[in-house]
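1. I would like to see how this sequence folds:
(chains A, B, C and D)
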Protein chains: 2
Amino acid sequence: MKKNKPTIHEIARLLNIDSSTVSRALNNSNLVTQKTKDKVLKKAKEIGYQRNLLASNLRKSKSNTIGVIVPRISRHFFSSTIAGIEEASYAQGYNVIICQSMEKLEREIKIVNNLISNRVDGILVSVSMETTEDTHLKQFDLSNIPLVFFDRALSEMPNSKVLIDSIKASYDVTQHLIDQGCRKIVHIGGPATLDIYKDRFKGYKQALQENNLPFEENRVYTSALNEQEGRKIIKTLIDLGIEFDGIFSANDLAAIGAIKYLKSVGIKVPQDVAVAGFSNEPISEAIEPSLTTVDQSGYEIGRIACNLLLDRISRTDNESAIAKSVTLSPTLIIRESSKRKK
Amino acid sequence: MKKNKPTIHEIARLLNIDSSTVSRALNNSNLVTQKTKDKVLKKAKEIGYQRNLLASNLRKSKSNTIGVIVPRISRHFFSSTIAGIEEASYAQGYNVIICQSMEKLEREIKIVNNLISNRVDGILVSVSMETTEDTHLKQFDLSNIPLVFFDRALSEMPNSKVLIDSIKASYDVTQHLIDQGCRKIVHIGGPATLDIYKDRFKGYKQALQENNLPFEENRVYTSALNEQEGRKIIKTLIDLGIEFDGIFSANDLAAIGAIKYLKSVGIKVPQDVAVAGFSNEPISEAIEPSLTTVDQSGYEIGRIACNLLLDRISRTDNESAIAKSVTLSPTLIIRESSKRKK
DNA sequence: ATTTAAGCTACAATCGATTGTAAAAACAAA
DNA sequence: TTTGTTTTTACAATCGATTGTAGCTTAAAT
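-> Numbers count the residues shown, from 1 in each chain, chains lettered A, B, ... in the order given. Down below sits the predicted model:
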């Protein structure tokens, strides 16, 4: 019934040669005559041989696979980075295992153990919102598995990272809102456990200060940055009677929630309140008014991070073992939600 | 330098017992005393042992992994199915390898070979738009690897599939447009090589016929169903002077392209032309006017398909070997882009 | 023809875990 | 104490491919 898959031994037996020769032939070793190689290749094709990577990897103690951990693939930014990662790894013959933490630390820990058990050769991580501890990620170091962070990194870990300049981006966004006449700008931030959100806050604050605008504690809120939270925060602000004429949200979803709520209560965007988000999700262009935001070029981030990792995996000299930090500068995309002047 | 990871032999050596006992202890076999198990578990934790799944899987000739091939994960529908798949496989301790064909047959073929080499225990596929041949997918059968299709299936293959009732859904959408007063409805379809697009067309045609509306060839177009194509098709129609008062697109992106173009030339949606899409991408709710569409409950499809597959993998009786087709009924979501009546 | 070198191939160990079975240990019964 | 039974552990083969090395072939050089 269950026909066993052919092995190199099967080929060797049929050809009356040794399996080691078959192995070398299939790997195009120069220890084997072209004639033998041809014979082996022909027979292999004939009986439908397909290399068992489990065995091969075990022997070589190398899986030719890298693991990727992202919060969730449904976010456009992350699926872009994954596209970039796949492109880079594909080019060098590496496989990619994609895992979603769903923003849960517990899940992230399970994924880590699993990837180590699967003996991945390297790992790319963008941590979950719940991740404050690094004990689980340190396991990769202990197992000698190179790790590169992208976008969401843990600052206390010395690994290579590929980030965007969140401070500058936020500064630019905030400055833009100020240029449009905003004086009382609300900031919807993410959990301060993550550097990117701390930085977005920093850039915001910095822009206010440099423009001699007062910084008010009650205009800053942190949340899980989904649409619902965005709505809720703005509703609360209004209910409390806190005045504001601009909103800078640390991501697009929360910004969209905010816009929808503002529209629902008759507040005009951008005339009464100008709004800007972060990440340039496709939806940001579609909503009405279209959302001013920051493009993070996820594809590039993924590509660069992956190449950094692959370089680290393949080279063993000290040079490549040094952690590198790459910072990309994001671009401000100005759309209707913040355009007040002609 | 490179410390080798501890193995069961290491544990065995330290405890002065045999590695087979260690293995059984770690697998909680009842051939080992509780006392020994405790000893082993303690030592394993102490030296940071982590099972080498490559070795384990090789010996068991079972990878505990299922492969998933989707066109692209950035489509919301597919990332939803993946979420469903992960949920189901997670519950049964299976790993998931996610692969994107990027709608390319060539890429799909490479992925197939790779997954077989990695000895996945089963496979879930939604084929690319270019996939008309089934030779590469037949390899799974030859290798005795169960395969279940979801959403986009190849009708000539007898495998289990989980689909939505595209005909009925399209019929409902078209009927809805007719109810709103449309008489000349354009259909933007996908490649007829895929059943789902053929079915969407069938449902459309059927609704026209049952309402005694003429079917006009020049109101039907097939395309790659992206935003740009949607734009282009509608532009062409208008330039050619072909009249229409409704559009039923086989996916949301093309519908959105159509709406954007219509708006740009001053044609009012839904007053002049009512528009409906398919898939319920998040963006369909955000655009203005919001898009009438069909929800495919991707999460459910993924969950069901995965359970079907896992059932097929674990059970070996004839019963489970029978191909099952599950058809879900999708729900019509009526939004602004088609609402003409109060 | 003989030596020497170079080119190929075969042998055997190895990667780390699993598993059927033989052997040993523990315990109970006679 | 001896025999019989049941638990528990050790031995050894196995999964499929890779790789260092010994040995055999072949061809070139003397």
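2. List the buried residues in stretch A:221-231.
-> Buried residues in stretch A:221-231, counted by 16 or more other CB atoms under 10 Å in any protein chain shown: A:221, A:222, A:223, A:225, A:227, A:229, A:230, A:231. All C-beta spots, glycine's among them, are computed from the backbone N, C-alpha and C.
3. Would you mind putting the CA coordinates of it into CSV?
-> In CSV, the C-alpha atoms belonging to stretch A:221-231 read as follows (Å, rounded to 0.1, in the frame of the first residue of the first chain):
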residue,chain,number,x,y,z
TYR,A,221,-2.8,58.1,25.6
THR,A,222,-1.4,54.6,25.2
SER,A,223,-3.5,51.7,23.9
ALA,A,224,-3.4,48.5,21.9
LEU,A,225,-3.7,50.7,18.8
ASN,A,226,-6.7,49.1,17.1
GLU,A,227,-9.7,50.8,15.6
GLN,A,228,-11.9,50.3,18.6
GLU,A,229,-9.3,51.8,20.9
GLY,A,230,-8.9,54.8,18.6
ARG,A,231,-12.6,55.5,18.8
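4. what mean pLDDT does that stretch have?
-> For stretch A:221-231, mean pLDDT is 95.
5. what sits up against it?
-> Residues outside stretch A:221-231 that contact it (CB atoms under 8 Å, 6 or more residues apart in numbering or on different chains) are A:103, A:129, A:186-192, A:197, A:232-233, A:249-251, A:253-258, A:260-261.
6. Mind giving me the PyMOL select for these, buried ones only?
-> Restricted to buried positions by 16+ other CB under 10 Å, the PyMOL selection for these reads:
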select buried, chain A and resi 103+129+186+187+188+189+190+191+197+232+233+249+250+251+253+254+255+256+257+258+260+261
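7. tell me, which of the contacts of stretch A:221-231 make contact with chain B?
-> Residues of those in contact with chain B (CB under 8 Å from any CB of the partner chain): residue A:256.
8. TSV for the buried residues of stretch A:221-231, including distance to residue B:74 and secondary structure?
-> Below are the buried residues of stretch A:221-231 laid out as TSV (distance: CB to CB, whole Å; DSSP: H, G, I helix; E, B strand; the rest coil):
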residue	distance to residue B:74	secondary structure
A:221	30	strand
A:222	28	strand
A:223	25	coil
A:225	20	coil
A:227	19	helix
A:229	24	helix
A:230	23	helix
A:231	25	helix
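9. out of those, which one sits closest to DNA strand C?
-> For these, the minimum distance to DNA strand C (CB to the nearest atom of the strand) is 40.8 Å, reached by residue A:225.
10. Reduced to three states, what does residue A:259 come out as?
-> helix (DSSP: H, G, I helix; E, B strand; the rest coil).
11. Can you check what pLDDT the model gives it?
-> Here the pLDDT value assigned to residue A:259 is 96.
12. Residue A:212 too?
-> 97.
13. Also residue A:2?
-> Confidence score, pLDDT, at residue A:2: 46.
14. Okay, domains of chain A per the record?
-> Following automatic domain parsing, one finds the domains of chain A at A:8-51, A:63-164+A:298-328, A:166-296+A:332-338.
15. Kindly reformat the ones you listed as TSV containing distance to DNA strand D.
-> Output for the domains of chain A, formatted as TSV (distance: least, CB to the nearest atom of the strand, whole Å):
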stretch	distance to DNA strand D
domain A:8-51	3
domain A:63-164+A:298-328	10
domain A:166-296+A:332-338	39
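16. so which of these gets nearest residue B:108?
-> Nearest of the domains of chain A to residue B:108, taken as CB to CB: domain A:63-164+A:298-328 at 13.3 Å.
17. Between the two ends of the closest one, how far is it?
-> The first and final residues of domain A:63-164+A:298-328 sit 31 Å from each other (CA to CA, to the nearest Å).
18. Surely residue A:192 touches residue A:201?
-> Yes. If you go by CB atoms under 8 Å, residue A:192 and residue A:201 touch, sitting 7.4 Å apart.
19. sorry, back to before: ok, which of the domains of chain A comes nearest residue B:138?
-> Shortest separation from residue B:138 across the domains of chain A is recorded for domain A:8-51, at 11.1 Å, computed as CB to CB.
20. Specify the local secondary structure of whatever residue of the stretch 51-200 of chain A ends up closest to DNA strand C.
-> In the stretch 51-200 of chain A, the residue that lies nearest DNA strand C is residue A:59 (3.5 Å; CB to the nearest atom of the strand). Judged by three-state DSSP, the three-state class of residue A:59 is helix.
21. Check the secondary structure at the residue lying closest to residue A:112 once chain neighbours are set aside for me.
-> Among residues not flanking residue A:112 along the chain, residue A:136 sits closest, at 4.7 Å (CB to CB, 6 or more residues apart in numbering or on different chains). Judged by three-state DSSP, the three-state class of residue A:136 is helix.
22. can you pull out the helices in chain A?
-> Assigned by DSSP state H, chain A shows helices spanning A:8-15, A:19-26, A:34-46, A:53-60, A:76-91, A:105-117, A:135-142, A:166-179, A:195-210, A:227-240, A:252-264, A:282-286, A:298-314, A:318-321.
23. Confidence-wise, which of the ones you listed is weakest overall?
-> Looking at the helices of chain A, the bottom one is helix A:318-321 with a mean of 66.
24. which outside residues touch stretch A:154-167?
-> The contact list for stretch A:154-167 (CB under 8 Å, 6+ apart) reads A:127, A:131, A:134, A:137-138, A:146-151, A:153, A:195-196, A:199-200, A:202-203, A:206, A:296-297, A:301, A:304-305, A:308-309, A:312, A:323-330.
25. before we move on, what about stretch A:131-138?
-> Stretch A:131-138 is contacted by residues A:101, A:105, A:108-109, A:112-113, A:125, A:127, A:147, A:154, A:156-157, A:193-194 when judged by CB under 8 Å, 6+ apart.
26. List the buried residues in it.
-> Within stretch A:131-138, the residues that count as buried by 16+ other CB under 10 Å are A:131, A:136, A:137.
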